[in-house]
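>>> Have a look at this fold, sequence not included:
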Ligand SMILES: Nc1ncnc2c1ncn2[C@@H]1O[C@H](COP(=O)(O)OP(=O)(O)OP(=O)(O)O)[C@@H](O)[C@H]1O
Ligand SMILES: [Mg+2]
């Protein structure tokens, strides 16, 4: 559906996007995750024919963005970082205008606008000036203009930025709903957002791919160790060293009295051995809990210890 191959974009001597290759398949909702300046907007602008690339290819439904931009634009709806809204226009008129710009046939303009007004829940504000709407509603108008020509693919650049928590929840729900009928590439540097909305993530850092996988796959492949949190009724160095001597345990640290964090070899069922030892020695087992890596841990690992990670 979207095929990016060896995409490079340099603004000056240093590339902002450096030999990026990834795919977004039909029907997927993919998160494009990276810290500020990683190259997310640059890549999205190229995908949506706003910006030329320095080298590499991007194809959308088989059409090359550089050779066939008109065909690509028909198939993509883009919500850029700063949505192109006219504050002095009324919502309904603006959407009609957007439909005309995207070459929706005159006979279909009304139904197309009605359709996006319904999907983006803009019915109550259709007659209001865009400039007077709240930021969340303006973002919905931005989404509606991106979808008015009924594209199969939506490219959304940080769609929840600048919104308050209630508006964020609403826009995320809207995007999840849209994901049932559209292929979506969504950029974000907010990790929980990606876990809530996307099935797969492409993590970029300094213009390069740092990782690309499903959320579960990413967590599993990065689990170099398994961590256990342990709460005992007895603490102290003897207990700590007893735990550290277990074969399955790589290291043991006492974080506060009786509370231990154990780094264990993955796949060795360390819980069994730890529990057995604790019960044998009568240390009093209050809690034994495997700690899974959050996407936040992974993101930090990938963007700070990049050299250790193979994409
Ligand atoms: N028009 C431009 N001219 C020169 N450099 C630019 C231009 N646009 C972007 N850059 C640089 O390219 C790099 C990538 O920027 P980009 O906006 O794509 O990042 P981003 O991942 O979208 O970041 P953010 O999360 O802050 O939106 C940055 O180092 C940025 O300074
Ligand atoms: Mg950006």
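Right, received. Where do you want to start? Not measured: the values here are computed from a predicted model. Numbering: from 1, shown residues only. Ligands and ions are numbered 1, 2, ... in the order given.

>>> Packing partners of whatever helix or strand residue 242 lives in?
Using DSSP states H and E, residue 242 sits in helix 237-244. Helices and strands touching helix 237-244, by 3 or more CB pairs under 8 Å, 6 or more residues apart in numbering; DSSP states H and E, are strand 249-256, strand 259-264, helix 270-281. For the C-beta atoms, the positions are set from N, CA and C on the backbone; glycine is no exception.

>>> And the helices in the stretch 51-200 of the chain?
With DSSP state H, counting those that start in this stretch as the criterion, the stretch 51-200 of the chain has helices at 69-75, 91-101, 106-119, 135-147, 165-178, 191-197.

>>> And the residue of this structure that's closest to ligand 2?
residue 41 (3.1 Å; CB to the ion).

>>> That residue and residue 187 touch, don't they?
Yes. Judged on CB atoms under 8 Å, residue 41 makes contact with residue 187 at a distance of 7.1 Å.

>>> So if I had to pick from those two, which one is more boxed in?
Neighbour totals were compared for residue 41 and residue 187, and residue 187 leads with 25 against 20 (other CB atoms under 10 Å).

>>> Contact partners for whatever residue of the stretch 101-250 of the chain ends up closest to ligand 1?
Ranking the residues of the stretch 101-250 of the chain by distance to ligand 1 (CB to the nearest ligand atom) places residue 189 first, at 5.3 Å. Contact partners of residue 189, counting by CB atoms under 8 Å, 6 or more residues apart in numbering, are 33, 34, 35, 36, 38, 158.

>>> got it, and residue 11?
Residue 11 touches nothing, counting by CB under 8 Å, 6+ apart.

>>> Recalculate using a threshold of 10 Å.
Residues counted as contacts of residue 11 (CB atoms under 10 Å, 6 or more residues apart in numbering) are 17, 42, 51, 54.

>>> can you check residue 42 too?
Residue 42 neighbours (CB under 10 Å, 6+ apart): 7, 9, 10, 11, 15, 16, 17, 20, 50, 51, 53, 207.
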